[in-house]
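A.B. asks: Can you look at this prediction? I've put the sequence above it.
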Amino acid sequence: MLDIRFIRENPEAVRENIRKKFQEDKLPLVDQVLALDQENRDTIQEAQNLRTQRNTLSKQVGVLMGQAKKDPSKLSEAEELKNRVKADADRLAQLEAREDELAKEIHHILLLIPQIIDPSVPIGPDDSANVEVERFGEPVVPDYPIPYHVDIMESFHGIDLDASGRVSGQGFYYLLGDIARLHEAVLAYARDFMIDKGFTFCIPPFMIHGNVVEGVMSQTDMDAMMYKIEGEDLYLIGTSEHSMIGRFIDQILPEDSLPQTLTSYSPCFRKEKGSHGIEERGVYRIHQFEKQEMIVVCKPEDSMKWYDQMWKYSVELFRSLDIPVRQLECCSGDLADLKVKSCDIEAWSPRQQKYFEVCSCSNLGDAQARRLKMRVKGADGKMYLPHTLNNTVVAPPRMLIALLENNLQADGSVLIPKVLQPYMGGKERLVPGT
């Protein structure tokens, strides 16, 4: 969310940013919010003038009432001033009510105007214009077929989609045996990986209030993702970023507490509307999954340094699991409205012979901080807004697809990467049918 003062002083820059994001339908919002802002400032000024006038007239009424005790002719003059005070009070009440209305209207529009993107973001209308930056590890296509990931899991008696369909419907799963254990091993390894990087481990609430939802994500994303608890002001989180950043709502952070570096575990719940092809079924695009996340709250001047560090952590983790990956820079049209800059880390799929998204790293600038009223008190006593960043460490359902495909052997067994073996009771290999 942009500061109204920034829009007031830089309206054309805001319009150009909207054009870069290919959201021309939002261009009228700039003029609308500027008109409302002017009316709001005029209303505030008129209200302040009336308060000053009311105080002056009230004092005059008091003087005249005192004089009327000796000179009754002053009484009518006092009553006239009283009527003026009453009229001013009525007008002031109207202005104060209008101030509240204008504040809500301005806030609503500010939530819709996208954040100013970083100059380094490639310009394009949608994810087809995303730019590959770098590859890490050699993608391999073995000389034996790679089955569909559900078939691989079933070979280990590791998944039951029929039962989950009966119990919960499509988009859910039962994981069993070694596959379930591998799922948890990945999460545990990711947790310890981030702790070793100096991040503080956290388990957050899995439900949050509506004002936190509004603070951490755009209305469009909220409608597409969030499940609301009927009859309560609570939403199931789509990622732990939501409650982790929400933790700082209405808080003043001492500058010496920055950066806040946190890694969090949570289940995630998403609507995932629309139909998807076979490669996005199974456990690829689901309503419920678990994830390890990384969160950073830092000084504005440090956010790009942290952005680069965070996506590199993802690369390092996936390469430690023998999974080739690439970094893909998200273009302007593929950025959510709160994001300043974002990239995806994509893992190699030998089955599809292409990369698919497994991590998303985002710098949100001060957008979430402004919405949540997060502030930092500097050493000089002045307040400023911090920057917030988030990145997936691992989301095991998709990670499992990449792990199983890239470590599958010709005999159907799966090699367990060395870093995961301690979390798997020392197992070095999964063997079908066991």
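C.D. replies: Sure, I can see it. In this text the structure is predicted, and so the values were computed from the model without any measurement. Numbers count the residues shown, from 1 in each chain.

A.B. asks: which SS state does Asp308 fall under?
C.D. replies: helix (DSSP: H, G, I helix; E, B strand; the rest coil).

A.B. asks: got the contact list for it?
C.D. replies: Listed by C-beta atoms under 8 Å, 6 or more residues apart in numbering, Asp308 has no contact partners. Yep, even glycine has a C-beta here, placed from its N, CA and C like the rest.

A.B. asks: Which residue, neighbours along the chain excluded, lies closest to Asp37?
C.D. replies: Ile4 (5.6 Å; C-beta to C-beta, 6 or more residues apart in numbering).

A.B. asks: ah, wrong one, I meant Pro397
C.D. replies: In space, Pro397 is closest to Val283, 4.0 Å off (C-beta to C-beta, 6+ apart).

A.B. asks: Make sure I have this right: the one you found is in a strand.
C.D. replies: No: looking at Val283 with three-state DSSP, it is coil, so not inside a strand.

A.B. asks: circling back to that earlier point, OK, contacts around the residue nearest to Asp37?
C.D. replies: Ile4 touches 33, 37, 106, 110, counting by C-beta under 8 Å, 6+ apart.

A.B. asks: So, low pLDDT: which residues of the chain?
C.D. replies: Of all residues in the chain, those with pLDDT under 70 make up the ranges 55, 58-83, 85, 273-281.

A.B. asks: For it, which segments count as helices?
C.D. replies: Here the chain has its helices, by DSSP state H, at 4-9, 11-20, 27-68, 73-112, 149-155, 161-167, 177-196, 210-216, 219-225, 240-246, 303-320, 367-372, 396-407.

A.B. asks: For the second one, C-alpha coordinates in CSV please.
C.D. replies: Which is helix 11-20. What follows is helix 11-20, C-alpha atoms only, in CSV (Å, rounded to 0.1, in the frame of the first residue of the first chain):
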residue,chain,number,x,y,z
PRO,A,11,0.9,10.8,-9.5
GLU,A,12,2.4,10.1,-12.9
ALA,A,13,5.0,7.7,-11.4
VAL,A,14,2.1,5.8,-9.8
ARG,A,15,0.2,5.7,-13.1
GLU,A,16,3.3,4.5,-15.0
ASN,A,17,3.8,1.8,-12.4
ILE,A,18,0.2,0.6,-13.0
ARG,A,19,0.8,0.5,-16.7
LYS,A,20,4.0,-1.5,-16.2
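
A.B. asks: Pull out the buried residues from that helix.
C.D. replies: 14-15, 17-18, 20 (16 or more other C-beta atoms under 10 Å).

A.B. asks: quick revisit: tell me the two of the contacts of Ile4 that are most distant?
C.D. replies: Asp37 and Leu110 (9.8 Å; C-beta to C-beta).

A.B. asks: how long is stretch 126-142 end to end?
C.D. replies: Terminal residues of stretch 126-142 lie 32 Å apart, using C-alpha to C-alpha, to the nearest Å.

A.B. asks: can you give me phi and psi for Gly381?
C.D. replies: phi 90, psi -10 (degrees, to the nearest 10).

A.B. asks: quick revisit: now the helices of the chain in JSON lines, with distance to Arg326?
C.D. replies: Shown next, in JSON lines, are the helices of the chain (distance: least, C-beta to C-beta, whole Å):
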{"stretch": "helix 4-9", "distance to Arg326": "35"}
{"stretch": "helix 11-20", "distance to Arg326": "24"}
{"stretch": "helix 27-68", "distance to Arg326": "35"}
{"stretch": "helix 73-112", "distance to Arg326": "33"}
{"stretch": "helix 149-155", "distance to Arg326": "20"}
{"stretch": "helix 161-167", "distance to Arg326": "30"}
{"stretch": "helix 177-196", "distance to Arg326": "20"}
{"stretch": "helix 210-216", "distance to Arg326": "28"}
{"stretch": "helix 219-225", "distance to Arg326": "25"}
{"stretch": "helix 240-246", "distance to Arg326": "23"}
{"stretch": "helix 303-320", "distance to Arg326": "9"}
{"stretch": "helix 367-372", "distance to Arg326": "27"}
{"stretch": "helix 396-407", "distance to Arg326": "12"}
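
A.B. asks: looking at the ones you listed, which is closest to Pro386?
C.D. replies: helix 367-372 (5.2 Å).

A.B. asks: Settle this for me: Tyr235 is touching Phe206, isn't it.
C.D. replies: No: in this structure Tyr235 lies outside contact range of Phe206 using C-beta atoms under 8 Å: 10.0 Å.

A.B. asks: Between these two, which has more neighbouring residues?
C.D. replies: Tyr235 (22 against 16; other C-beta atoms under 10 Å).

A.B. asks: got the contact list for the closest residue to Tyr423 other than its chain neighbours?
C.D. replies: Excluding its sequence neighbours, the residue lying closest to Tyr423 (C-beta to C-beta, 6+ apart) is Ala185, at 3.6 Å. Residues counted as contacts of Ala185 (C-beta under 8 Å, 6+ apart) are 420, 423-424.

A.B. asks: Same check on Asp178?
C.D. replies: Neighbours of Asp178 in contact, by C-beta under 8 Å, 6+ apart: 156, 158, 424, 427, 430, 434.

A.B. asks: can you do 10 Å?
C.D. replies: 153, 156-158, 185, 414, 416, 424-425, 427, 430-431, 434 (C-beta atoms under 10 Å, 6 or more residues apart in numbering).

A.B. asks: any idea what sits nearest Ser243, other than its immediate chain neighbours?
C.D. replies: That would be Pro204: by C-beta to C-beta, 6+ apart, it lies 4.0 Å from Ser243.

A.B. asks: What subset of the contacts of Asp178 is buried?
C.D. replies: 153, 156, 158, 185, 414, 416, 424, 427, 430.
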